[in-house]
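Student: fold the following, please.
(chains A and B)
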Amino acid sequence: DTGVSQNPRHKITKRGQNVTFRCDPISEHNRLYWYRQTLGQGPEFLTYFQNEAQLEKSRLLSDRFSAERPKGSFSTLEIQRTEQGDSAMYLCASSSGGTTYNEQFFGPGTRLTVL
Amino acid sequence: DAKTTQPTSMDCAEGRAANLPCNHSTISGNEYVYWYRQIHSQGPQYIIHGLKNNETNEMASLIITEDRKSSTLILPHATLRDTAVYYCIVRVANSGNTPLVFGKGTRLSVIA
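Tutor: Presented below is the predicted three-dimensional model:
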């Protein structure tokens, strides 16, 4: 399967713990996005990378959230001191570069439950 | 990006055409209309996009009104596997690959 992959698919944690999610984009896609989706809502943008550079961060990305893409390939999203409000589906997407539109390919998501 | 308005939910009989409307009355001249869908427990999937001409691909057809203030996504022969949430998104052309802005979408239920 050469699509976007995310691990783990499900994560249950206790409030206050740290969690880290991984996203492997489609090979050679230089743009990588993170979105968050809560029940009944559409996905909301968190941050995105072009290669290893983090180009934009949403106001939703509080200080407890950090994302990296160290070698311009896979990316990690870490949430420190998790809160119950962090419970959501975390989606990763990737696309090829360029100035015209290139569709974003989404992974299956990581569902986080904070108890 | 301009905002869009979609019905919350729709039903469609299997084998019939599903017509999903979207209003984007404040769309600008350089903004495209995009459609994505999200099947339960999966990430969103790109369907189609267009500027002002009608578009068709293997998944669907997109009809954009002449004044570009609304559009309709057509699934010509809906199947049970088309049950999903459909998102209509308006965004600036040549904006590179800036993030998508999703609304709540339309929940389409295809009924046998």
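Student: ok, residues contacting stretch B:48-63?
Tutor: A:101, B:32-35, B:47, B:64, B:68, B:71-76, B:93 (CB atoms under 8 Å, 6 or more residues apart in numbering or on different chains). All C-beta spots, glycine's among them, are computed from the backbone N, C-alpha and C.
Student: list the beta-bridge partners for the residue nearest the centre of chain B.
Tutor: The geometric centre of chain B, computed from its C-alpha atoms, lies nearest to residue B:35 (CA atoms, centre = their mean), at 3.4 Å. Beta bridges link residue B:35 to residue B:48, residue B:88, judged by DSSP bridges.
Student: how near is it to residue A:6?
Tutor: Distance from residue B:35 to residue A:6, counting by CB to CB, to the nearest Å: 23 Å.
Student: if residue 106 is in a bridge, with which residues?
Tutor: Since you didn't name a chain, this refers to chain A. With DSSP bridges as the rule, residue A:106 is bridged to residue A:93.
Student: meant chain B actually
Tutor: Here residue B:106, judged by DSSP bridges, has bridge partners residue B:86.
Student: if we can go back for a sec, which members of the contacts of stretch B:48-63 are the farthest-apart pair?
Tutor: Within these, two members stand farthest from each other by CB to CB: B:76 and B:93, at 26.8 Å.
Student: all strands of chain A, in order?
Tutor: With DSSP state E applied, chain A shows strands at A:5-7, A:10-13, A:19-24, A:31-37, A:44-50, A:53-57, A:65-68, A:75-79, A:88-95, A:105-106, A:110-114, listed in chain order.
Student: so where is chain B shaky, pLDDT-wise?
Tutor: B:1-2, B:93-97 (pLDDT under 70).
Student: same check on chain A?
Tutor: Using pLDDT under 70, chain A drops low at A:1, A:98-101.
Student: close to chain A: what parts of chain B are there?
Tutor: Proximity of chain B to chain A, by CB under 8 Å from any CB of the partner chain, involves residues B:32, B:34, B:41-46, B:49, B:85, B:87, B:91, B:93-105.
Student: swap in 7 Å and give it another go.
Tutor: B:32, B:42-46, B:49, B:87, B:94, B:96-97, B:99-100, B:102-105 (CB under 7 Å from any CB of the partner chain).
Student: ok, back up a step: let's see which of the contacts of stretch B:48-63 end up in strands.
Tutor: Judged by DSSP E, the contacts of stretch B:48-63 include B:32-35, B:47, B:64, B:71-75 as members of strands.
Student: got the contact list for the residue nearest the centre of chain A?
Tutor: Nearest residue to the geometric centre of chain A (CA atoms, centre = their mean): residue A:34, 3.2 Å. Counting by CB atoms under 7 Å, 6 or more residues apart in numbering or on different chains, residue A:34 touches A:46-47, A:67, A:77, A:90, A:92.
Student: how many residues are close by the closest residue to residue A:25 other than its chain neighbours?
Tutor: Of all residues not flanking residue A:25 in the chain, residue A:94 sits nearest, at 3.2 Å (CB to CB, 6 or more residues apart in numbering or on different chains). By other CB atoms under 10 Å in any protein chain shown, the residues close to residue A:94 number 26.
Student: how near is residue A:94 to residue B:21?
Tutor: 30 Å.
Student: same thing with residue A:57?
Tutor: 34 Å.
Student: circling back to that earlier point, just to check, the residue nearest to the centre of chain B is in contact with residue B:44?
Tutor: No - at 10.1 Å, residue B:35 does not count as touching residue B:44 under the criterion of CB atoms under 7 Å.
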